[in-house]
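Chemist: Sequence isn't available, so here's the structure alone:
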């Protein structure tokens, strides 16, 4: 009986709770009260942070993708910026101009302008880790101009250019691996790592003018495009320079971030004709092994690559012994020079973006205590040896190059 | 002597527990007896009295009394024919015994006879459908079982249909129902215990179980709880269910019901006790566990692979029907980050211009659907199409086009509704329906945290539930690995060698012999 | 009939009494002290935890099926028994309030930052009180169901995170000094000492003889969860980043990206964690109510429960005006945890040893 009474009290309490709760739903935010941000831009004007937002207009998107929205073409995104002493301060100012609350969980990329990169981006990382609303998997991109300009660009095939930028960098990383996709958490890991250096891929507007109006899409070619370019190198959260695409491919090998890539190897057909073979790299793994020779630190990059022939315009008969070996050797030389170039550039910039510091720390924990204090000096002196194992896995569907057949007929 | 216990139906002569009328005994005077019997029953026009006179026995008079309509007319007439035949016969060489004994031992063409010496008991027997034979000068009356009258034939059950399996269903007639069980389980251990509940309706109740397989404690408990019921009438087994379930306040059904004799027999074979109530085709099964409500009798007639698949589908549907609207509310209003971007954008586009918050929207739609469902059940069959047109077109499509409800919400609610129909036991579906609303409120207030708090309450509640002493969440909590063979997966029959110990007594649990897995000689291998 | 819980259920109860708070904030603290060798501290803590479980189980083995307080009274005399009972009762109740507050803070940080704290606290107290009302058997069964859920969720999470894991981040091993590792292992040891709840649970067990097994497995399960979270955090984020993340395992799950559709699943993991947290709260409240009712000779458990529930609600919602303070309080609690969970049981054990002869006499007198 007593149990029954208790249960009634519990029921009443639950009901009361339910009644209380239905009156105020504090954290509830309806879908039509949020402004879904697909990309964020961070700029620094010397005194203030300027944060730009690329906000998705859902109604316009669904009419673009086959909804029933009438009228002329509407822009699926809108870009605006706010200014503040800190990043969050700037975001807070957005409340005075946006009818809806900015919602960052679906933010795909954060684009950082060059000035902001030069100033340092510690604040940004703190913002990302402190707040549960923004996700740590956002890709970081750097741009030589202002970030806002990047956000304003439309993109072909993808209505939301923020999401499009992420798609580009992901697909680029998967297929050519020149530039890595750097999520915020990885950037934070690299910046806090032993070498305190990191890289960020560059995005820029190529071509003349810009594509910030939907009118551009009435033509078959658009005046400008968003394009991935070089690699920004950061040290202690500040950008210190750019690496060219070639160097960044080398850096990708050294960082062991190559998933698939390609190299173009010069070749010689019969009669001294020069041509090129294109080899797709299917698998690649790199080990950087620090070695102590006396008191001097050296590194060996042990690269294991296998590839397939994509295109050949030399007259080659792949059945012939030695041809494949030739190809493999060419590949080795190519990759080796890529690695050396990147390493030298890194040393020149005085940054270890290759994760060499971690390797040394792991292998020589005792000596690291000494080296860690002035790692830059140690790194600057350390030479790199390359040991490249290049294996042609497949030749594609034909065994003789077309050029070879043509040459034969001529004879 | 016909008043032998074996021939007397145990339950028919029982007076109700709360006898209000004074006990009257039969006296030797026939006319007064008849008069008293009439008076006891209020002398309705359906009370038939047929007086006979025997040529022997000094032209002794005797009378047949019965209530028209609840007796088996053909059987009665045949018997009457015999009686008349006998009455007109002059017995050569005098009579050996009294007319009473002559009639019971030589004349009455009926298998089941009983005797009473009180007016009250005789009348109660008449109310059961028996015929009373009162002999002048005798202090006793003969009860002849002529129960019958019009009742529904055995038909295919309407609520639990199967594609493959027996098509018989229980009827409203208790005797038919017991015979259906007897015909399936021809075991001498099959026990039928009878009870009568309800002072006014005097409803007959049968408790059916297999001795040696059903747990003795459970049988005793069933008897004890049924005996404790004190009510004026029992019209359906639902009356009984609410009296005997283990916990008064719970959304979950603690007794199973079925309309199918095969399902009832399967329960009996697993050690369940069946409670049959006269006047309803739905019999109760106890004890039950939560998972039993997801087993359909067809699971065992189909192959085990598809049966397993379907069972998982059913479990999933239960959770969908309980959780989907609340998850939708929680995710779209609290945890938008969980949605894939493209889905979020399309949902957000649908919500443009919707005036209500998602919680209210969901409530509106859910209640609309509940009204539609109720209308569908109550309305006459002929106007069915009208309801579906109004429901589907007006409330669904038009509401979306008018911008009152978002299309996604219509999808969520319809899917929830469809999922709730998948659960084979209607009463479990009802539980999911009720819990859904509570979870929706919690989701609208606290998001996923609210849902999880609600689920924790549910889990604790279910862990505390028992059905006739058996933990409701067996075999998960407490965990009994050997009983998992018929829960999420149904193993083939040759592998299900023991009956689940969570219901039956743990002695005598072997169901099938070992080594019956089909393994034909594989020639040429 | 005395309710009976099985050994597996006891394991589940013990692990859910320890693990939920341990995986929450401890890994980040440990990593900040012991860097990438924090997992070794985890192992040390695990071993110490097993030892503590062994001690507690050995003590509780001396109890032959009597309720905790009654047993102590029988063995050590009424006043001591009552005093210890009240101490434990207050300890469990106090801890219950602290955990409710920590839990509410976490929920507030994670998702419901605008919801008033008293609502969250109220919700938690209501759910916990309801669960405790169902009795120890239902609590044990729920604990087991939740454990099943964990056993499903953990491998799936590890599988999803597999591509992000890099074991090289753990090298070099033993880079941190032994002292730091030892210091880092202190917080988890303090929490692992909560295995002392076994003292209260043993009388409810079907087979009290297997209390040792239950204690060991419960402790092992908890420390392996801690170890798993540390290892995941270290191999995914590296030692430098982890101290920055206050709720490590949430951040670990937050970086999952499987295709376009499975992202930000940390809230699901957190949801499962909510359930274990509820079980922990329930165990503590149950233990508190049990000790208090038995030592104060209170007749109605349910009234005590409701009263304590209300008190807990007021305490948790009002005691600490700022979120930060209760966090400090939780850390400052470590000595208190060790004192109550290890010190007191050892004193009890000593007392039992001293009174061993006395019991024999008492036994003779009784027979």
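Modeler: That came in fine, so what should we check first? Values in this document were obtained by computation on a predicted structure and should not be read as measured data. Residues are numbered from 1 along each chain as shown, chains lettered A, B, ... in the order given.
Chemist: Now do the contacts for the residue of chain A found nearest chain C.
Modeler: Nearest residue of chain A to chain C: residue A:192, at 3.6 Å (CB to the nearest CB). Every C-beta, even on glycine, is put in place using the N, C-alpha and C of the backbone. By CB atoms under 8 Å, 6 or more residues apart in numbering or on different chains, residue A:192 lies in contact with C:238, C:240-241.
Chemist: For those, pick the one with the most neighbours.
Modeler: Ranked by the number of neighbours (other CB atoms under 10 Å in any protein chain shown), the contacts of residue A:192 place residue C:241 first, at 26 neighbours.
Chemist: Could you check how far that one is from residue C:29?
Modeler: 14 Å (CB to CB, to the nearest Å).
Chemist: again with residue C:74
Modeler: Taking CB to CB, one finds residue C:74 at 41 Å from residue C:29.
Chemist: ok, the two, which is more surrounded?
Modeler: residue C:29 (19 against 15).
Chemist: Distance check, the more buried one against chain B.
Modeler: 24 Å (CB to the nearest CB, to the nearest Å).
Chemist: ok, the nearest residue to residue C:263 once chain neighbours are set aside - how many residues close by?
Modeler: Leaving aside its sequence neighbours, residue C:263 sits nearest to residue C:257 (CB to CB, 6 or more residues apart in numbering or on different chains; 5.2 Å). Residue C:257 has 18 neighbouring residues, counting by other CB under 10 Å.
Chemist: what do you get for residue B:401?
Modeler: Residue B:401: 11 surrounding residues under other CB under 10 Å.
Chemist: tell me how far stretch A:104-123 is from the chain's mean position?
Modeler: 13 Å (CA atoms, centre = their mean, to the nearest Å).
Chemist: Kindly list the main-chain dihedrals of residue A:288?
Modeler: Per-residue torsions, residue A:288: phi -100, psi 120 (degrees, to the nearest 10).
Chemist: what's near enough to touch the closest residue to chain B within chain A?
Modeler: When scored by CB to the nearest CB, chain A has residue A:105 as its residue closest to chain B, at 3.1 Å. If you count contacts by CB under 8 Å, 6+ apart, residue A:105 has them with A:133-135, B:336-337, C:264.
Chemist: Keep the contacts of residue A:192, but drop any that are not near chain A.
Modeler: Among the contacts of residue A:192, the residues lying close to chain A (CB under 8 Å from any CB of the partner chain) are C:238, C:240-241.
Chemist: Show me which of those is closest to chain B.
Modeler: Taking the ones next to chain A among the contacts of residue A:192 together and measuring to chain B by CB to the nearest CB, the closest member is residue C:241, at 20.9 Å.
Chemist: any weak-confidence spans in chain C?
Modeler: For chain C, the stretches with pLDDT under 70 are C:1-2, C:259-262, C:319-335, C:356-367.
Chemist: Select the longest helix from it.
Modeler: In chain C, with assignment by DSSP state H, the single longest helix is helix C:78-110.
Chemist: So the residue nearest to the spatial centre of chain A: helix, strand or coil?
Modeler: In chain A, the residue lying closest to the centroid (CA atoms, centre = their mean) is residue A:181, at 2.4 Å. Of the three states, residue A:181 takes coil under DSSP: H, G, I helix; E, B strand; the rest coil.
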